[in-house]
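Enquirer: coordinates only, sequence not included:
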């Protein structure tokens, strides 16, 4: 009888120890309120992508990445994104080393039509003016106590270009890359919410009703020569922008040449889709709420991340405002028939094509027959070039 009780006790002890050991390996054991907060953020991103259709191709992969990146686990089993040898770590290599963003720029170039910019070259100035948001945010970040490299990486959020933000932060401030990427893509998705109030505030009803001249017809020769001339002008000036600008103009040449359709279709289709999925998923997974390096908490939920979001919002609003105000300034020197509708000034940020659509939608609310989309696409694509040039300038000075 005693032996039976001892066996039962031993079995129970062994079972409870095994159960306790099993529990220690579950995500529940290490779950904290910080993990819950980040998981809710990930779910919010997914819901915004699904039900509001705010940049779903970006927010859904990022949102799901945030969820899987915030499942607690025991280290040493090659599971986490920061564990050498893990699958996620290998996929994250493309973010850390910065080769996902150039591949995305290749696809963007293959999708982009620069016709309206070629037809009206002065609109490139709007895209350039909108980049003031980058340098304005850079100065604010410096004043907030960030180092010059960190400030440069944070400032690029004002360009509203996710791949550029990831590329620059991977070079200048890898420890802030998660916060910068999430901030950049968040504000890109919130373009329909943030920009219209700023545009209405800075324009008069008379200015919103300005009708622009129909762009001239652009020849095929001009379209083919544009990426060649563009890459020479930009990279001779800012060689550090080569990874982004080189791939952007190469993709555009594949599109406009008319003889490399297979390559162009691959770049703007399967290639950019695959890279976007991997980029979004791994960037999201990198935002771990709890993470220690040498006993120091380097998790995502820090005051530094909060400041990144605040400064990012400021830079985005400043870029929008600068673009609109610069158009108003240009109009002072243009003849009446050449006036530019200031509502396309918001398109200087490179959230392609969303910010151009906002120009169109806001314009139609005041004149149902005033279609601004084709005009707004010029500063919109100029903003892509401008943000890449700005990133190259920051990289050359700060790295």
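Expert: It's in. Because the structure is a prediction, the values reported are computed rather than measured. Residues are numbered from 1 along each chain as shown.

Enquirer: drop to CA atoms for contacts and neighbour counts, all remaining ones
Expert: Fine.

Enquirer: mind listing what's buried in the host helix or strand of residue 206?
Expert: Applying DSSP states H and E as the criterion places residue 206 in helix 205-208. For helix 205-208, a neighbour-count test (16 or more other CA atoms under 10 Å) marks 207-208 as buried.

Enquirer: pick out the residue nearest the middle of this structure.
Expert: residue 162 (1.5 Å; CA atoms, centre = their mean).

Enquirer: that one against residue 179, yeah?
Expert: No. Contact criterion CA atoms under 8 Å: residue 162 and residue 179 do not qualify, at 11.6 Å.

Enquirer: which regions of the stretch 201-350 of the chain lie under the pLDDT threshold?
Expert: Per-residue confidence of the stretch 201-350 of the chain (counting by pLDDT under 70) places the weak regions at 292-298.

Enquirer: please enumerate the strands of it.
Expert: In the stretch 201-350 of the chain, the strands defined using DSSP state E, counting those that start in this stretch lie at 292-293, 296-297.

Enquirer: elements contacting the helix holding residue 206?
Expert: Identification of packing neighbours for helix 205-208 by 3 or more CA pairs under 8 Å, 6 or more residues apart in numbering; DSSP states H and E yields helix 354-366.

Enquirer: quick check: mean pLDDT across whichever helix or strand comes after the helix it packs on?
Expert: Using DSSP H and E, the next helix or strand after helix 354-366 towards the C-terminus is helix 373-398. Helix 373-398 shows an average pLDDT of 90 in the prediction.

Enquirer: what angle do helix 373-398 and helix 354-366 make?
Expert: Going by axes from the mean of the first three to the mean of the last three CA atoms, to 10 degrees, helix 373-398 is angled at 140 degrees with respect to helix 354-366.

Enquirer: neighbouring contacts of the helix holding residue 206?
Expert: Contact with helix 205-208 is made by 341-343, 363, 366, as judged by CA atoms under 8 Å, 6 or more residues apart in numbering.

Enquirer: let me know the closest of those residues to residue 129.
Expert: residue 342 (12.8 Å; CA to CA).

Enquirer: check contacts around the closest residue to residue 85 other than its chain neighbours.
Expert: Spatial nearest neighbour of residue 85, chain neighbours left out: residue 78 (6.1 Å); criterion: CA to CA, 6 or more residues apart in numbering. Contact analysis of residue 78 by CA under 8 Å, 6+ apart lists 84-87.
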